[in-house]
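>>> Quick check, what structure comes out for this input:
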Amino acid sequence: MDILTSPNNEKVKLIQKLLKNPKERKYNGKYVVEGMRMVEEIPQELLGEIYFTQDFYNKKVTQNERLLRLVNAAVQKNKCFLITEQVLKSVTDTETPQGILATVMIQEKTLDDLMGDGTESPLILIIEKLQDPGNMGTIIRSAEGAGVTGILVSYDSVDIYNPKVIRSTMGSIFRKNVVVTYDLVGDINRLRKKGVVIYGMHLKGSSMYKTDLTGPAAFLIGNEGKGLTDDISAAADKLIRIPMKGSLESLNAASSATVISYEALRQRENRVSIDINDMF
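Alright, predicted model coming up:
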């Protein structure tokens, strides 16, 4: 197994580029994840290369069956490398590196992938011009919990493979279908033609509690400060809102996406319960 001892090593330089530059991630078709929790969740077929310190290997890898299996698979493909702690600190995006990082292959997805596997009604989030990495990561993570089938993201949003986005997803980035689009209005119309009802989250909308969300649905989520643009709001079939108490007008983008996704999940699970009860 090769040992990387210099920050001038070509592999080390590539890691630095992948961490800092979205264009490099797109060109190379891969991104970087850091830390044991994230690395051990990487699907084996998506693993690029894996890097760790000798101390990490001795203390963690040999004690973690899932991680050891991933490392052994990487070793067989010559994709596994030891790296000195000093060199790791020179490239890592975190203040206190855990001693392991890996590259992950980017999987290109399509609108069809956002529709799910056909066993349930599509539940899609459509994100416009979102800029905060933490918000984007939280949306992807909560989307998995709520059973969202896919996420469509406008190209002028924060890069979904930004290291801060990746960390915030806590592994959901590996399991959720996310598509970045340069034609948001066009793709919204294509989803509509597939039978998906487009709901815009808007202060002037109807209460989500008075809206049937059990059918194929997509929710438009706008920028943190400005919300949806007029063009994207106009592309919605219906505007809806989250009812607010007190002096609040709205929640932030991540909170709004989470609340509306779980309301759709609640309605769908409640409908299933009713349908089952009607059978007896």
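
>>> and residue 89, what element?
helix 85-91 (DSSP states H and E).

>>> Is residue 207 in contact with residue 243, as I believe?
Yes. With contact defined as C-beta atoms under 8 Å, residue 207 counts as touching residue 243 (5.2 Å). C-beta coordinates here come from the backbone N, C-alpha and C atoms, glycine included.

>>> Can you spell out which helices and strands pack onto the helix holding residue 89?
For helix 85-91, the packing partners by 3 or more C-beta pairs under 8 Å, 6 or more residues apart in numbering; DSSP states H and E come out as helix 10-20.

>>> what comes up buried for the helix it packs on?
Across helix 10-20, burial judged by 16 or more other C-beta atoms under 10 Å covers 12, 14-19.

>>> For that helix, give me every contacting residue.
If you take C-beta atoms under 8 Å, 6 or more residues apart in numbering as the criterion, helix 10-20 is touched by 4, 6-7, 24-25, 28, 30-32, 49, 51, 81, 83, 87, 90-93, 101, 103, 163.

>>> cutoff 7 Å now
4, 24-25, 28, 30-32, 81, 87, 91, 93, 103, 163 (C-beta atoms under 7 Å, 6 or more residues apart in numbering).

>>> Kindly report the same for stretch 216-226.
Contacts for stretch 216-226 (C-beta under 7 Å, 6+ apart): 121-132, 135, 191, 195-201, 228, 232, 236, 252-253, 256-257, 260, 264.

>>> Quick check: buried residues in it?
216-223.

>>> Kindly report the same for stretch 145-156.
Those would be 146-154, for stretch 145-156 by 16+ other C-beta under 10 Å.

>>> same deal with stretch 61-68?
Using 16+ other C-beta under 10 Å as the test for burial, stretch 61-68 gives 61, 67.

>>> Now find how far off-centre that stretch is within its chain.
25 Å (C-alpha atoms, centre = their mean, to the nearest Å).

>>> swap in stretch 237-257?
Distance of stretch 237-257 from the chain centroid (C-alpha atoms, centre = their mean) equals 22 Å.

>>> Then stretch 84-104?
22 Å.

>>> Run through the stretch 51-200 of the chain and note the low-pLDDT ranges.
In the predicted model, the stretch 51-200 of the chain carries pLDDT under 70 at residues 93.

>>> So which of the buried residues of stretch 145-156 sit within helices?
Applying DSSP state H to the buried residues of stretch 145-156, the entries found in helices are residue 146.

>>> Who are the packing partners of whichever helix or strand comes after the helix holding residue 89?
Later in the chain than helix 85-91, the nearest helix or strand by DSSP H and E is strand 100-105. Contacts defined by 3 or more C-beta pairs under 7 Å, 6 or more residues apart in numbering; DSSP states H and E place strand 100-105 against strand 30-34, helix 36-40, strand 47-52.

>>> Packed most tightly, which of those would that be?
strand 30-34 (a mean of 24; mean count of other C-beta atoms under 10 Å).

>>> Give me the angle between that one and strand 100-105.
Relative orientation of strand 30-34 and strand 100-105, computed by axes from the mean of the first three to the mean of the last three C-alpha atoms, to 10 degrees: 150 degrees.

>>> Can you tell me what sits against strand 30-34?
By C-beta under 7 Å, 6+ apart, the residues outside strand 30-34 that reach it are 15, 18-19, 25, 39, 42, 48, 92-94, 97, 101-106, 161, 163, 166.

>>> mean confidence score for that strand?
The average pLDDT within strand 30-34 is 96.

>>> partners of that strand, with directions?
strand 100-105 (antiparallel) (DSSP bridges).
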